[in-house]
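1. Fold the following, please.
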Amino acid sequence: HYSLNYDIPALMPNWAMFEELTFGELSYFYKFIRYKGDKKVIARKFKLSSDLLSSWLHALTVIRNICAHHARLWNKELGVKPKFPEADEIGWPKYLIKSPQNARVAFILAMLQHFMQQVSPHSAWHKRLNELLKTMSPQVLSSMGLPANWHHDPFWTALEQVPFSWKGKCSQGLRTRRYLSLSAPR
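-> Residues are numbered from 1 along each chain as shown. This next block holds a predicted model:
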């Protein structure tokens, strides 16, 4: 569409290109960014290290593909094991620290909640998740890697959330990223 309708600039804007990428392509794009400083700037916006963000994007790509193909997910041990956050790197559920299960859905749900806190801090996603999981038996929750009282963990109940904003400039290869607006609506 862009090349048929626009001549200037010759290359489509970054925001238009990113709208066309699949989740897998976005994950690979991030993984192969040449300048580590640029990766760090992006990862910091999500309050993650660049290695952790890369690992999590890859895991979410796998999860997305499982869901897209209507495969079983709830009690599956995932073929990918996303990295654990370092101690005190980010807030993290205590039940995942005590009993690490990074190949289960519980870990993915915590990852998603972390992203939601950064991108949409006023979202009620965790409350809707809690309502859905209340309908599940303790055996199902256990198969997902969730303890019966998972929703009482401070990770899920924390009220203080910091809004996500995109400010500053990336260096060298990603200078044009400053044109992206990733802020949550006000």
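
2. Helix or strand: which one has the residue nearest the centre of the chain?
-> Central residue of the chain (CA atoms, centre = their mean): F115, 4.6 Å from the mean position. Counting by DSSP states H and E, the element that carries F115 is helix 105-119.

3. Flag every buried residue along that helix.
-> Using 16 or more other CB atoms under 10 Å as the test for burial, helix 105-119 gives 105-118. From N, CA and C alone the C-beta is placed, and that goes for glycine too.

4. picking that back up, spatially nearest residue to the residue nearest to the centre of the chain, not counting backbone neighbours?
-> F46 (6.6 Å; CB to CB, 6 or more residues apart in numbering).

5. try V140
-> Spatial nearest neighbour of V140, excluding adjacent residues (CB to CB, 6+ apart): W74 at 6.6 Å.

6. likewise S3?
-> Of all residues not flanking S3 in the chain, M12 sits nearest, at 7.7 Å (CB to CB, 6+ apart).

7. thinking the one you found is in contact with Y2, fair?
-> Yes. Using CB atoms under 8 Å, M12 is in contact with Y2, at 4.2 Å.

8. Walking through this structure, point out its helices one by one.
-> Secondary structure of the chain (DSSP state H): helices at 2-5, 14-20, 23-31, 36-45, 50-68, 94-98, 105-119, 125-133, 138-144, 154-157.

9. Tell me the confidence at the residue of the chain most remote from its centre?
-> In the chain, the residue that sits farthest from the middle, by CA atoms, centre = their mean, is D7; the gap is 35.0 Å. Per-residue pLDDT puts D7 at 77.

10. F18 versus that one, what's the distance?
-> Distance of D7 to F18, given as CB to CB, to the nearest Å: 21 Å.

11. circling back: so what does the residue nearest to F115 have for phi and psi?
-> When read as degrees, to the nearest 10, the backbone of F46 gives phi -100, psi 10.

12. contacting residues for it?
-> Each residue near F46 by CB atoms under 8 Å, 6 or more residues apart in numbering is listed here: L53, H114, F115, Q118, V119, F164.
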